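Visitor: pasted the sequence and its predicted model underneath.
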Amino acid sequence: MIRSLAASLLVCLLAVPAFAQNIPVRSGEHGNFTRLALDIPADLVWRLEQVEAERVTLHFERDGLRFDTSAVFDRIDQSRIRTLTPSAAGDALQIDLSCPCVADAFTLQGRMLVLDILPGTFTPTPQTVEAPAEKPAQRRGETAGLFDIRVGQNPGIGPDPSGSPFLPSFRPTQGEAITAPAPAPEPGLEPGRFEQMLAEQLATAATDGLLKPAVREPPKAASIPGGHALPTGIRADPPGGAHLPGSIEAALAGRDPDELQAYVRIGGIACVSASDLDVASWGSETTFDELIPELRSRLYGEFDRLDEEIMLAMARAYINIGFGAEARSLLDLAQGRNEPVLMALAAIVDGRADRTGVFAGQTSCDGPAALWAVAGSTTLPESAQIDANAVLRAFEELPLQLRELLGPNLATRLAEEGLPAAARGVISRLARATGDHSDDMRFSEARISQLEGAVEDAQALLGEIAARPGPNAAEAVAASIEIATEHGSPIGTRMTDLSAAYSTELRDTDQGPDLWLANIRALAANAQYEEAFTALQENPEYPEETRAKAVTDALEILTDHAADPSFLKQTVGDPGRFDGLAKPAAALAVAGRLLQIGLPDAARAWLEFEGIDRAARDTRLLKARIHLARGEPEEAEIGLIGLQGEDVLRLRAEARRMMGDFEYARNAFETLGETSRAESAAWLAGDWAALEAQGGTLGAAAALADSSPLDLGGPPSLAIAESLAGSAEETRSTLRALLDETRLPEP
């Protein structure tokens, strides 16, 4: 009786939602550390604790808090933070780490708790940090003191005016960067203290590998015969023509993209001046036939010494006609000269990204820098602003050959950043200038339509391009199949055949991996599963990222659409061949379907795949279902510890039912509103009173089971016989209804 009362009380407690304060947990990457931010009440006392190398815990002197961690991994990966687990009581948040890191926490603006995960060596002694007084966010990448140096996405000196610990968004224009007055010194700051602070922080940044300064003489403008101006690099010219030479730049030109992440520039906020980007003046209609040969003849002077001014003029001429590789080769000749603007332009006209960072943060400039910043980017921060009018103006001022070269990609980038109208404006201007609508333009228009959600229009354009020979035909086939895969649309036989032909023909080119991926997608979408999964094993030399996407897409299509025999043939025999390639979501989907078919052991094998987060909620729920299917209710309930929700209560009730705790199961199913399962558990528990209250067939049977034997009350009589006959008829009717309701289906 005590046990029954306790179980009933527990279910009642589960059924009544407790008041809880919702605390969203936000995240952000800051180069060499990861940041979490929690908006907490001003009076909430907290404590940071790290007693294990891979675990940090935030304790709060209040329970019932509800931590919303659903969006944490939208902005960060799991290289430093593996999982976040709120405590059952709602008074702590546990952060499991996946790196040798240490934690630091502080309060910002009174109501924001900031937790930073930084690289470091954990000391094995217990460490506890009580809630410290509010302090500025002094991290590599952002500082908050009046005279502190900020590096990273928002470089400068002084407090970060953005107010956000994640993504600084303040970017002054060229004029603001030049004319803004310097901040007044702090009261009581002795003379020379600022210089000392600046030197100390620059030394620290250089020691940590953040800075690699290049000291050089102020650039001087020069000219060559013919009137072709020579740009002088990045500069900010205030009104009146005075030049500001005092800037520190990282020597980024020509570096490997991965290496660039370790370097920053200070003072490079201002837009690249329009005079340095006057590409149209660097050549003419006779550039290729006359200007370049003439410059080449003068490239080396007396004693075979390189004339750097002629070399720069020749590099600009090559950029003017779209010969980026040739321009870079020339610039490499002058080892001691740094020309990041020209290096960036040479890469962009070749269709490559701006890896030098010259145009970073300049999409909002009111000049040609905005065009090159967009064309040279692969992605932009969410806070980035694009001056679309400046981009269109600069585009019309380019030489025609550069407009043809850059236009389609520029239009696609504008559409990807949410400016489809400007993207179509680029295409229409290019079509008017050339008097033609090339396949490059059509391909860009298809991409714009896709981004706008006009999938049918995009597919129609791609179909036209793929149907006829041309430089974009193979790419159109791959793009068309990719769109169809993303939207679950059918892929025609012709497109499938084209993907197979191009995949074979271009297998050894740069397009080979994408066409191989398209062919596998098409085969799977057309239910040719055997051919698709055979092809997956035939090209192990392709990049792992491409192979992983092919495996993942094929498994997702197989899981969603294949009949059981085809599905089981690919997923049960040798699942290990997909381990390390299949994305966690695809592996979990396969495991779920295997469990639904009734193969818990096969499903369990897929849960062991590399990359699956064992502590994630979905993984734990699926594993509990597998334990139940395997007849292991104790392991299932253990795996559910710490989880809450109706789906968790449903699994826990089933585990208790399998363990014989029918009273708990009945109360849980009643809480969930699952009446039939609650009645079944009550029947197994022998709770006749509860069944009688429910009524129905089981209620009538319960009343019959709970009834007392008929008291004859004396010698046999006609009244007693009639009573016995009526009781027997009622009993037979009740039993007949019970049997009909519980009848097993016909085989």
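Guide: Structure received. Everything numeric here is computed off the predicted structure, so don't read it as measured data.
Visitor: how close does E61 sit to L406?
Guide: 59 Å (Cβ to Cβ, to the nearest Å). C-betas here are computed from N, CA, C, even on glycine.
Visitor: between those two, tell me which one has more neighbours.
Guide: Neighbour count, other Cβ atoms under 10 Å: between E61 and L406, L406 has more, with 24 against 11.
Visitor: and for Y529, nearest residue in space, chain neighbours not counted?
Guide: S566 (5.0 Å; Cβ to Cβ, 6 or more residues apart in numbering).
Visitor: what's the neighbour count on the one you found?
Guide: 15.
Visitor: which secondary structure element contains it?
Guide: helix 564-571 (DSSP states H and E).
Visitor: how about the strands in this structure?
Guide: 21-29, 34-39, 46-52, 55-60, 65-68, 81-86, 92-97, 101-108, 112-119, 127-130, 149-150, 156-157, 222-223, 229-230 (DSSP state E).
Visitor: how about the fifth one as CSV, C-alpha atoms only?
Guide: If I follow you right, that is strand 65-68. Extracted in CSV, the C-alpha atoms of strand 65-68 (Å, rounded to 0.1, in the frame of the first residue of the first chain):
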residue,chain,number,x,y,z
LEU,A,65,15.9,26.7,-13.5
ARG,A,66,15.3,25.6,-17.1
PHE,A,67,18.3,25.8,-19.4
ASP,A,68,17.5,26.1,-23.1
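Visitor: tell me which strands that strand pairs with, and in which orientation.
Guide: Strand 65-68 has the following strand partners under DSSP bridges: strand 21-29 (parallel).
Visitor: in the partner strand, what counts as buried?
Guide: In terms of neighbour count (16 or more other Cβ atoms under 10 Å), strand 21-29 has its buried residues at 23, 25-27, 29.
Visitor: min pLDDT across the residues you listed, which one?
Guide: When the buried residues of strand 21-29 are compared on pLDDT, E29 comes out lowest, with 80.
Visitor: so what sits opposite it in the bridge?
Guide: Where E29 sits in a bridge, its partners, by DSSP bridges, are T34.
Visitor: and it, what does it touch?
Guide: In this structure, E29 makes contact with 35, 75-77, judged by Cβ atoms under 8 Å, 6 or more residues apart in numbering.
Visitor: just L371 next, same as before
Guide: By Cβ under 8 Å, 6+ apart, the neighbours of L371 are 390-391, 394-395, 398, 410.
Visitor: one more: S284?
Guide: Contacts of S284 by Cβ under 8 Å, 6+ apart are L291.
Visitor: touching stretch 535-554 from outside, list them.
Guide: So stretch 535-554 is in contact with 485, 507, 512-514, 516-517, 519-521, 523-524, 529, 532-533, 577-578, 581-583, 585-586, going by Cβ under 8 Å, 6+ apart.
Visitor: C99 against P119, yeah?
Guide: Yes. The criterion here is Cβ atoms under 8 Å, and C99 meets it with P119 at 6.9 Å.
Visitor: okay, those two: which has more neighbours?
Guide: Each of C99 and P119 has its neighbours counted (other Cβ under 10 Å); C99 has more, 16 against 11.
Visitor: which non-adjacent residue is nearest that one?
Guide: Nearest one to C99, counting by Cβ to Cβ, 6+ apart, is R80 at 4.8 Å.
Visitor: if we can go back for a sec, from the contacts of L371, which is closest to M659?
Guide: L410 (65.4 Å; Cβ to Cβ).
Visitor: any idea how far that closest one lies from I386?
Guide: Distance from L410 to I386, by Cβ to Cβ: 11 Å.
Visitor: if I look at the two, which residues touch both of them?
Guide: In contact with both L410 and I386: V374, using Cβ under 8 Å, 6+ apart.
Visitor: more neighbours, those two?
Guide: A direct count of neighbours by other Cβ under 10 Å for L410 and I386 places L410 higher, at 28 against 22.
Visitor: correct me, but the more buried one touches V391?
Guide: Yes. Between L410 and V391 there is a contact at 7.5 Å, judged by Cβ under 8 Å.
Visitor: hey, what's in contact with both of those two?
Guide: 371, 374, 426.
Visitor: quick check: closest non-adjacent residue to the first one.
Guide: Counting by Cβ to Cβ, 6+ apart, A394 is the residue found nearest to L371 once chain neighbours are left out, at 3.9 Å.
Visitor: residue contacts, that neighbour?
Guide: 277, 367-368, 370-371.
Visitor: how does it look with 10 Å?
Guide: 274, 277, 279, 365, 367-372, 374-375, 387, 410 (Cβ atoms under 10 Å, 6 or more residues apart in numbering).
Visitor: G301 - nearest residue in space that isn't next to it in sequence?
Guide: Nearest non-adjacent residue to G301, counting by Cβ to Cβ, 6+ apart: D307, 5.1 Å away.
Visitor: how many neighbours does the one you found have?
Guide: The burial count for D307: 17, using other Cβ under 10 Å.
Visitor: could you do T534 as well?
Guide: 12.
Visitor: quick one: the closest residue to A466 other than its chain neighbours from A554, how far?
Guide: Nearest residue to A466, sequence neighbours excluded (Cβ to Cβ, 6+ apart): A476, at 4.2 Å. In this view, A476 and A554 are 22 Å apart by Cβ to Cβ.
Visitor: surely D332 meets M343?
Guide: Yes. At 9.1 Å, D332 counts as touching M343 under the criterion of Cβ atoms under 10 Å.
Visitor: looking at these two, which one has more neighbours?
Guide: M343 (24 against 12).
Visitor: pLDDT below threshold where in the stretch 151-300 of the chain?
Guide: 151-269 (pLDDT under 70).
Visitor: from P565, how far out is the closest residue to L568 other than its chain neighbours?
Guide: Nearest in space to L568, with sequence neighbours left out and distances taken as Cβ to Cβ, 6+ apart, is I597 at 7.4 Å. I597 is 11 Å from P565, where distance means Cβ to Cβ.
Visitor: who has more neighbours, those two?
Guide: Between I597 and P565, counted using other Cβ under 10 Å, I597 has the larger neighbour count: 15 against 7.
Visitor: helices - which of the contacts of stretch 535-554 land there?
Guide: Judged by DSSP state H, the contacts of stretch 535-554 include 485, 512-514, 516-517, 519-521, 523-524, 529, 532-533, 585-586 as members of helices.
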